[in-house]
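1. coordinates only, no sequence provided:
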């Protein structure tokens, strides 16, 4: 990791109008250092409130004609944070990325700052952040090394120096042996890593990744996830990662920002989003299999009891609003939290219903059961098939694993 | 392809091609030699014969070639090359920014379609009628002179507007502008917008993006534009005939007049010169772009 305070002072001192010069000077300082050369030690004041956040987008709104792509979104990321922006296509996540990179100017924003410096008037070429494009956008007429050198070349770094730094970057993504190859001679995963090396060789403060693993097959995607995490830890650069895959978001990020139609639906650490989704949308997106609608009948925080089809279900309140009796709400429970038994009684502090098995789907590692109950069909996932009854008559799930949230 | 009998390996014996590609390549070469190379050789051969009483005398002689030098006709060759090179240069200079705007700058698909249609229309009109119109525009009593004199900007009509190097170059420029624009436009529109965005994102200025990304990727189109402009310009005769008014003599006209005088050896010799110049020019082009550009990629994007 590189020494952050020096970079901060550089960026702050030069102000918003001298972006490129600031970057050139910062480059000159960085020239002799490569990520693996310096040990990963944080300066004592790293992360303290004295430092401005690495990225700040304050209440950004963007419209394409009449379509509101982004609606007053605020994003803040720390130095060295791995922030994931999660959402379906059309949720505004790509627009947000383009606003950060400077490829798009927001219709309105209270501020766009990188490293504390206002960049809202700067174009993409003058901002201290680079993008890894979804389809890599590698230059087909250049060799692998020339691609990686490009950012240094346009900054006027001498040929010998930029060659050295490009090779170091390629080494970091384990592709030094392909340096003289043409882009079309590389596999998808290799192209991905070249795009990554090209983006970080100039040592930007922020790296933006636009669904970078979308075009890869599953095995490669899993490998690249680990590799990306390792590279991010090694470089200490702030990563802003765009994806529609909740699995990628959960595995890789320090913090996840879930977007829905131009707004932030939920924001938090991966475990927070996974265990405590705050709305039916967030719950569905995070893969909660069982979601039931109902009316709140009792509030005893942190627990809320919901009435659905004449039956009561109690769970922890996760919604953003304050729960009140009579309001609509939904409750959710993950399939693997649903317990099966032949004893027709729920333990204390659990929701229980009698059931009848209607279908089971063998998935190799686990078995998915669909069970008919008084509150509707409930899905249950069995990881240990032998330990569970073959024909269960009763299911239950604890109040603590059950969530109640905004509809 | 390597199955073709005309393989480079000297040890291999002649045999029939074993693949469909081999057969097609073979047939294409046979046809090409028969239809292109053979007539060219015959034309060149004719330049070494002479004419007597409108009959060709099949006695090899350098008489035609020596007379070309002695009568100063070789000046025409130089003048033609000068015209072809300078007009091609101007075409590319104007066509590239125009094509760049059309392919990447123009946001409206309707405007783009309209411009392309407008560029195509001249191809439907006969070249002579298209060109002769300029006489009434550029002439001493033409529209331009009338406007300039009428507005009091000049006292006497400009005489260099018509029947001059200017009018011939001008006519040539207009005729071959579309053929210069189209190949460049084609390769430019095949450049992925993400590459241009990536270049800016990596810190390149607009000029750097143009130099390091757009120009190299547009090279096939630029070479195509040069070829499609330069080749017909070397043989152009309508523009010098109609707008030169006998003041501007180029190879195309000389060949034309030699043919009407039934002076076949002179026509053959002049044609041979045109072909030799074209071959030399193309060779120079390919050599100067060696390594950066393959002729086979002329009509495809370097992206693929």
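-> Alright, I've got the coordinates. Keep in mind that what you see is a predicted model, and the values were worked out from it rather than measured.

2. okay, now the sheet partners of the longest strand seen in chain A, with direction.
-> When every strand of chain A is counted residue by residue (DSSP state E), the longest turns out to be strand A:350-362. Strand A:350-362 has these partner strands in its sheet, going by DSSP bridges: strand A:367-373 (antiparallel), strand A:394-398 (antiparallel).

3. enumerate the residues of the stretch 101-250 of chain B near chain A.
-> Taking C-beta under 8 Å from any C-beta of the partner chain as the measure of proximity, the stretch 101-250 of chain B contacts chain A at B:192, B:194-195, B:197-205, B:208, B:212-213, B:216-217. In this view, the C-beta of every residue, glycine as well, is placed from N, C-alpha and C.

4. for PyMOL, what selects the buried ones among the residues you listed?
-> What follows is the PyMOL syntax for the buried subset of these, where burial is set by 16 or more other C-beta atoms under 10 Å in any protein chain shown:
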select buried, chain B and resi 192+194+195+197+198+199+200+201+202+203+204+208+212+213+216+217
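
5. if we can go back for a sec, what residues sit buried inside the longest strand of chain A?
-> Applying a neighbour-count criterion of 16+ other C-beta under 10 Å, the buried positions in strand A:350-362 are A:350, A:351, A:352, A:353, A:355, A:357.

6. show me the contacts for the first one.
-> Which is residue A:350. Under the criterion of C-beta atoms under 8 Å, 6 or more residues apart in numbering or on different chains, the contact partners of residue A:350 comprise A:396, A:397, A:398, A:399.

7. which of the residues you listed has the most neighbours?
-> Neighbour counts for these were taken using other C-beta atoms under 10 Å in any protein chain shown; the highest belongs to residue A:397, with 24 neighbours.

8. tell me how far that residue lies from residue A:381.
-> Between residue A:397 and residue A:381 the computed distance is 12 Å (C-beta to C-beta, to the nearest Å).

9. who touches both of these two?
-> Taking C-beta under 8 Å, 6+ apart as the contact criterion, the common neighbours of residue A:397 and residue A:381 are residue A:338.

10. wouldn't residue B:253 be in contact with residue B:240 here?
-> Yes. In this structure, residue B:253 is within contact of residue B:240 by C-beta atoms under 8 Å, at 5.5 Å.

11. neighbour-wise, which of the two wins?
-> With neighbours defined as other C-beta under 10 Å, residue B:253 and residue B:240 compare such that residue B:240 has more, 28 against 21.

12. for residue A:96, see how far away the residue most central in space within chain A is.
-> Computing the C-alpha centroid of chain A and ranking residues by C-alpha atoms, centre = their mean puts residue A:84 first, at 2.0 Å. Residue A:84 is 12 Å from residue A:96, where distance means C-beta to C-beta.

13. check residue A:139 too.
-> For residue A:139, the distance to residue A:96 (C-beta to C-beta) stands at 26 Å.

14. residue B:76 sits in which helix or strand?
-> Secondary-structure element containing residue B:76, defined by DSSP states H and E: helix B:74-100.

15. pLDDT on that helix, on average?
-> Confidence over helix B:74-100 (mean pLDDT, whole number) is 93.

16. quick one, helices of the chain?
-> As the question left the chain open, I've gone with chain A. Secondary structure of chain A (DSSP state H): helices at A:4-14, A:19-30, A:93-101, A:144-153, A:159-172, A:188-200, A:218-235, A:246-252, A:270-275, A:280-285.

17. switch to chain B, please.
-> With helices called from DSSP H, chain B shows them at B:20-32, B:38-46, B:63-70, B:74-100, B:109-120, B:127-138, B:143-150, B:165-189, B:193-201, B:206-209, B:215-234, B:238-244, B:251-260, B:264-288.

18. deepest of these, which one?
-> Comparing the helices of chain B by mean neighbour count (mean count of other C-beta atoms under 10 Å in any protein chain shown), helix B:238-244 ranks first with a mean of 24.

19. what is that one packed up against?
-> Other elements packing on helix B:238-244 under the criterion 3 or more C-beta pairs under 8 Å, 6 or more residues apart in numbering or on different chains; DSSP states H and E are helix B:127-138, helix B:165-189, helix B:251-260.

20. could you count how many residues lie near whichever residue of the stretch 201-350 of chain A sits closest to chain B?
-> In the stretch 201-350 of chain A, the residue found nearest to chain B is residue A:202; the distance is 6.6 Å by C-beta to the nearest C-beta. When counting by other C-beta under 10 Å, one arrives at 24 neighbours for residue A:202.

21. just the pLDDT for it.
-> 91.

22. just confirm it contacts residue A:153, I think it does.
-> No. Residue A:202 lies out of contact with residue A:153 (C-beta under 8 Å); the separation is 10.3 Å.

23. name the spans of the stretch 1-150 of chain A whose pLDDT lies under the cut-off.
-> Low-confidence segments of the stretch 1-150 of chain A (pLDDT under 70): A:1-51.

24. what's the answer for the stretch 251-400 of chain A, then?
-> Applying pLDDT under 70 to the stretch 251-400 of chain A picks out no residues at all.

25. which residues in it form strands?
-> Chain-ordered strands for the stretch 251-400 of chain A, with DSSP state E, counting those that start in this stretch as the definition, fall at A:255-260, A:263-268, A:290-300, A:303-308, A:311-317, A:328-333, A:339-341, A:350-362, A:367-373, A:376-382, A:394-398.

26. could you provide those strands in a markdown table, with additional columns for distance to residue A:178?
-> Supplementary listing: the strands of the stretch 251-400 of chain A in a markdown table, determined by distance: least, C-beta to C-beta, whole Å:
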| stretch | distance to residue A:178 |
| --- | --- |
| strand A:255-260 | 33 |
| strand A:263-268 | 39 |
| strand A:290-300 | 47 |
| strand A:303-308 | 57 |
| strand A:311-317 | 51 |
| strand A:328-333 | 47 |
| strand A:339-341 | 52 |
| strand A:350-362 | 42 |
| strand A:367-373 | 43 |
| strand A:376-382 | 43 |
| strand A:394-398 | 51 |
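
27. looking at the ones you listed, which is closest to residue A:65?
-> Counting by C-beta to C-beta, residue A:65 lies closest to strand A:263-268 out of the strands of the stretch 251-400 of chain A; the figure is 18.8 Å.

28. hmm, back to that, now the two most distant members of the buried residues of strand A:350-362.
-> Using C-beta to C-beta, the two most remote members of the buried residues of strand A:350-362 are A:350 and A:357, lying 19.8 Å apart.

29. go through the contacts of residue A:350 and name the one nearest chain B.
-> When these are compared for distance to chain B (C-beta to the nearest C-beta), residue A:397 wins out at 47.2 Å.
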